[in-house]
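K.L.:
This is a predicted model, with the sequence first.
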Amino acid sequence: MTVLEVPANIAIRTLKNGTQRFEARLKRGGIEISGTFKNVKDAQGFGKKVDVLIETGMSAQECKEHLRVKKPKSALTAPSVDKAPTQVTDTSGGLTVKQALQNYLKYKDQSHEPIPSNYRTNYVRVSEDFGDFPISKLRNEDLSNYISILLKTPVKADARRKAKGTLDRPERCYAGASVRKFIYAMKTALEWNARNDKVVLNQFLFDFEKKTVPSAWGGIRERRLAVGEEEKLYAAGLERGEYTYTSQDWRNIIGFALESCMRQQEIGKAMWKHLSDDGNKLHIPKLNTKGKIDRTILLSKKARDVIANQKASCPKGSLRIFHQFTSVKAICDAFARLTARAEIQNLHFHDLRHEGTSRLCLSGKLPLMAVMEMTGHKTMVTFRGYVHLITDKNELRLE
């Protein structure tokens, strides 16, 4: 008989009719937030949804009350899509932006790979902003103006805090990377509709001029750690508290990122069952990777030491190696707060992958193809920025 593995914060409840339900219990800001679901996946997704809501500016209590109220179906899951999945039109001149997103999200919800909740918010934002605007009337100029407006618009979390009088710093406007996510979500949905004969797109709709898009959209990001920055990050860790990460927590996850060259989603979703029996290798399932290709990496002595530290502090029943971080988004958000405390500018968690790959190339421990296998770069085009760092060695070693 197979024993169902569930995370420590999820309890199994058996109903009178013999069926099982999964209750997720979370604690945020001293407030307990709970929800009951039919399967483990939905119970785990509940935690991600709570974190997303809190990051948008809700207090833990507001989040609890928000989730307690049973809301009507949103515009992105409107019944009209169910009734006419092949073509949705309106009287204003054809398919609208909102309807196109409805079509695409419905398709993804029914597919084997639905859109994660933290990415779904990008589609929600575009739907709210464009609403019933007909795609037939949509022009490149409209999207260019949309980009300019967003770059000058305060993020929702800061706008809420300012309205409540709790914002103790200048409002932040949407970063270029965030605006790109909104545009990419729109592009993905509209092009899917075009491929499935639901709409005809303006061929120049997403053909932006260079000065229109933020500079961060083009080229390859090459941010590396400067001398002393790694130690500054560790020193900025807080004392142990119920909702804080210590210097040791950061030494573990940052050190592992630098040693393994893994992406943040690969690290955040890594599980104990993915470790080899001897502990020298880690399997990365294709569902956790950007390129959707399985790979197995060698673990260096330092990486194995990190895993041993994580094992020693792991609560009973936890499935993930970096158990103290509730989600991939939690890692990135906490890292942003860490860099602010450390007074380090323009450093993202993903930059640790670039730093680790650069160090690995310079070390000469692995030949070029072995480095590409470890990092998951599929083509030389994507790896070309590291080629000049490769030290020519014939032996295969990580010690």
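P.N.:
Great, that's in hand.
K.L.:
so Phe204, which of the three states?
P.N.:
Following DSSP: H, G, I helix; E, B strand; the rest coil, we place Phe204 in the coil state.
K.L.:
Count the residues that sit near the spatially closest residue to it that is not a sequence neighbour.
P.N.:
Nearest residue to Phe204 in three dimensions, chain neighbours excluded: Asn140, at 5.1 Å (Cβ to Cβ, 6 or more residues apart in numbering). Just so you know, the C-beta spots here come from the backbone N, C-alpha and C atoms, and that holds for glycine as well. Using other Cβ atoms under 10 Å, Asn140 has 16 other residues around it.
K.L.:
pretty sure Asn140 is touching Asn202, no?
P.N.:
Yes - using Cβ atoms under 8 Å, Asn140 is in contact with Asn202, at 7.0 Å.
K.L.:
Could you measure from Asp278 over to Leu299?
P.N.:
Asp278 sits 10 Å away from Leu299, going by Cβ to Cβ, to the nearest Å.
K.L.:
who's more crowded, those two?
P.N.:
Neighbour comparison, Asp278 and Leu299: the larger count goes to Leu299, with 21 against 8 (by other Cβ under 10 Å).
K.L.:
how far away is that one from Met271?
P.N.:
Distance, Leu299 to Met271, by Cβ to Cβ: 15 Å.
K.L.:
State the phi and psi torsions of Met186.
P.N.:
When quoted as degrees, to the nearest 10, the phi and psi of Met186 stand at phi -60, psi -50.
K.L.:
That one: what's it in contact with?
P.N.:
Val97, Leu101, Val126, Phe130, Leu143 (Cβ atoms under 8 Å, 6 or more residues apart in numbering).
K.L.:
Got phi/psi on Val199?
P.N.:
Dihedral angles of Val199 (phi, psi; degrees, to the nearest 10) stand at phi -160, psi 150.
K.L.:
OK, contacts around it?
P.N.:
Gly94, Leu95, Ala100, Ile135, Ser136, Leu190, Asn193.
K.L.:
List buried residues within those residues.
P.N.:
Gly94, Leu95, Ala100, Ile135, Leu190, Asn193 (16 or more other Cβ atoms under 10 Å).
K.L.:
Among those, which pair sits farthest apart?
P.N.:
Taking Cβ to Cβ, the two most distant members of the buried ones among the contacts of Val199 are Gly94 and Leu190; they sit 12.4 Å apart.
K.L.:
Now for this protein, the helix or strand with the poorest mean pLDDT.
P.N.:
helix 79-83 (a mean of 33; mean pLDDT, DSSP states H and E).
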